[in-house]
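S.K.: need a structure here:
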Amino acid sequence: MPNATAVLNRVLREARRLLGAPDLPEAEVAQALLGAGDGHLGALAERTGLREKYLRYEVLPLALYPDTLRRALSLGMPMRQVQRLKRRLEQGELSQEQLETALASPGPRQALKELLARPERRFSPRHSPVWIYPSDPELQGAEALHPYVAEALVEVYTRPGQFVLDPMAGTGAVVRAALRLGRRAEGRDIRPMGEGILEAPVATLPQDYPEPVADLLVLHPPVFTRWSVRNWVRPPDAPYVDPYVDYLEHIVHDLMAPAVGALKPGGYLALVARPRQHLPTGTTAPLERIFVAPFERAIAEFPGHYLPSEEDGRARPVLLPHAYHLAVAEDGSEHWAIFVGQKMANGVLVEVQWPKERRYED
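M.R.: Numbers count the residues shown, from 1 in each chain. From the prediction side, this is the model:
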């Protein structure tokens, strides 16, 4: 089936023949036919095999679209989606700058689709601990952040021109959100799944970025269930919470420790997680927060420290807990917890030496 650009080009070619004006610009061709009587449209319908109503309301108006929308059409975007982009432009929900950024991204069609996925804001993410995002059956259960959540995270914790680093980028949702909002961004992953994402493990960050560069550092580790299948075999006599403790140790030791050096003093680290919600039947109530509290403490008690300050001799922590956000799908089908810490600006970061052994290994 021909795309909208191919249909428009064929219609304009026949319209110029009908008008006897082979060199007439596209916009003037469309204006001449839309302003003429039904006789001209009827003749054009016969020449093209298309209905008059379709020509008047669907095809010819495309010739009057701004260049950004015409380029979206040329990428093969469905006409209905481009019309929705046009409505959002007219209503002030999108800007030409956002469209230009999406078109210049490594995956322009996906970036444009994500612009359409943005719901109308019902609150300011900056002033809300809860972010509600639209439910999407195609994304449900996926580990990638919904485009709205990724955009809210970037919007709240960075300004235009600042640098967002996502060393566990996956499909690149955070990187695309950052670029759409006028930030600089780099995405990396040990198994990249999106265009423009570099193949590199978190462990190489200290070598690749010996100096702090990031204003926002996003760490989005695998959810516990997926990590435990790959990395942990539970001995019969091991306490139930032990694999979860090892999971948190992995986040701190293997992810936060090598990554935090790339974060500028004063910058933000966002740890994205989906904490466990349920315990086996009969587990005591005091253990119910075992699944959320460790993430908060991973930020608050990150086991590195600054040398004592020359001002008062007191040691400074690497990260200070800054905020906690809960992102929830509108239908309640899924959620993400986002723990945010801010890197301290005083003192010199001391390299942390971590034990390499793992528990329950022979």
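S.K.: buried residues in the longest helix along the chain, which are they?
M.R.: Secondary structure of the chain per DSSP state H: the longest helix is helix 4-19. Neighbour-count burial for helix 4-19 flags 4-5, 7-8, 10-12, 14-16, 18-19 (criterion: 16 or more other C-beta atoms under 10 Å). (Each C-beta comes from the backbone N, C-alpha and C, glycine too.)
S.K.: and it, what other elements does it pack with?
M.R.: Helix 4-19 sits against helix 26-35, helix 38-48, helix 67-74, with contacts defined as 3 or more C-beta pairs under 8 Å, 6 or more residues apart in numbering; DSSP states H and E.
S.K.: I'd like the buried residues of helix 4-19 as JSON lines, with distance to L217 and pLDDT appended.
M.R.: Formatted as JSON lines, those follow (distance: C-beta to C-beta, whole Å; pLDDT from 0 to 100):
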{"residue": "A4", "distance to L217": "41", "pLDDT": "78"}
{"residue": "T5", "distance to L217": "41", "pLDDT": "83"}
{"residue": "V7", "distance to L217": "46", "pLDDT": "86"}
{"residue": "L8", "distance to L217": "45", "pLDDT": "86"}
{"residue": "R10", "distance to L217": "50", "pLDDT": "90"}
{"residue": "V11", "distance to L217": "50", "pLDDT": "90"}
{"residue": "L12", "distance to L217": "50", "pLDDT": "89"}
{"residue": "E14", "distance to L217": "56", "pLDDT": "90"}
{"residue": "A15", "distance to L217": "54", "pLDDT": "88"}
{"residue": "R16", "distance to L217": "55", "pLDDT": "90"}
{"residue": "L18", "distance to L217": "60", "pLDDT": "88"}
{"residue": "L19", "distance to L217": "59", "pLDDT": "86"}
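S.K.: got those residues as JSON lines, with distance to E186 columns?
M.R.: Shown next, in JSON lines, are these (distance: C-beta to C-beta, whole Å):
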{"residue": "A4", "distance to E186": "34"}
{"residue": "T5", "distance to E186": "33"}
{"residue": "V7", "distance to E186": "39"}
{"residue": "L8", "distance to E186": "38"}
{"residue": "R10", "distance to E186": "42"}
{"residue": "V11", "distance to E186": "43"}
{"residue": "L12", "distance to E186": "42"}
{"residue": "E14", "distance to E186": "48"}
{"residue": "A15", "distance to E186": "47"}
{"residue": "R16", "distance to E186": "47"}
{"residue": "L18", "distance to E186": "52"}
{"residue": "L19", "distance to E186": "51"}
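S.K.: now, which of those residues sits nearest K86?
M.R.: Nearest to K86 out of those is A4 (C-beta to C-beta; 12.2 Å).
S.K.: who touches that closest one in this structure?
M.R.: 59, 62, 73, 77-79, 82 (C-beta atoms under 8 Å, 6 or more residues apart in numbering).
S.K.: so how far is L94 from it?
M.R.: The gap separating A4 from L94 is 19 Å, by C-beta to C-beta, to the nearest Å.
S.K.: with Y324 instead?
M.R.: 30 Å.
S.K.: what do you get for R183?
M.R.: R183 is 17 Å from L94, where distance means C-beta to C-beta.
S.K.: likewise for Y54?
M.R.: Separation of Y54 from L94 (C-beta to C-beta): 26 Å.
S.K.: who's more crowded, the two?
M.R.: Comparing Y54 with L94 by other C-beta atoms under 10 Å, the one with more neighbours is L94, at 21 against 14.
S.K.: could you find the closest non-adjacent residue to that one?
M.R.: R88 (4.3 Å; C-beta to C-beta, 6 or more residues apart in numbering).
S.K.: that neighbour sits in which helix or strand?
M.R.: helix 79-90 (DSSP states H and E).
S.K.: and what of K264?
M.R.: strand 263-273.
S.K.: so for the closest residue to A329 other than its chain neighbours, what's the pLDDT?
M.R.: Spatial nearest neighbour of A329, chain neighbours left out: S135 (4.6 Å); criterion: C-beta to C-beta, 6+ apart. Note on S135: pLDDT of 76.
S.K.: try G172
M.R.: Per-residue pLDDT puts G172 at 91.
S.K.: pick the most buried one from the helices and strands packed on helix 4-19.
M.R.: Mean neighbour count (mean count of other C-beta atoms under 10 Å) peaks for helix 67-74 among the helices and strands packed on helix 4-19, with a mean of 19.
S.K.: for the record, mean pLDDT for it?
M.R.: 89.
S.K.: now do the same contact list for K86.
M.R.: Here K86 is in contact with 65, 69 (criterion: C-beta under 8 Å, 6+ apart).
S.K.: what of the one 10 residues further on?
M.R.: If a contact means C-beta under 8 Å, 6+ apart, then Q96 has 66, 68, 89 as its contacts.
S.K.: check Y209 too.
M.R.: Contacts for Y209 (C-beta under 8 Å, 6+ apart) come out as 165, 261-262.
S.K.: repeat for E249
M.R.: Contact analysis of E249 by C-beta under 8 Å, 6+ apart lists nothing.
S.K.: ok so it is a strand residue?
M.R.: No. Using DSSP: H, G, I helix; E, B strand; the rest coil, the assignment for E249 is helix, not a strand.
S.K.: how close does it get to L255?
M.R.: 10 Å.
S.K.: show me where the stretch 51-200 of the chain has helices.
M.R.: 52-54, 67-74, 79-90, 96-104, 108-117, 147-157, 173-180 (DSSP state H, counting those that start in this stretch).
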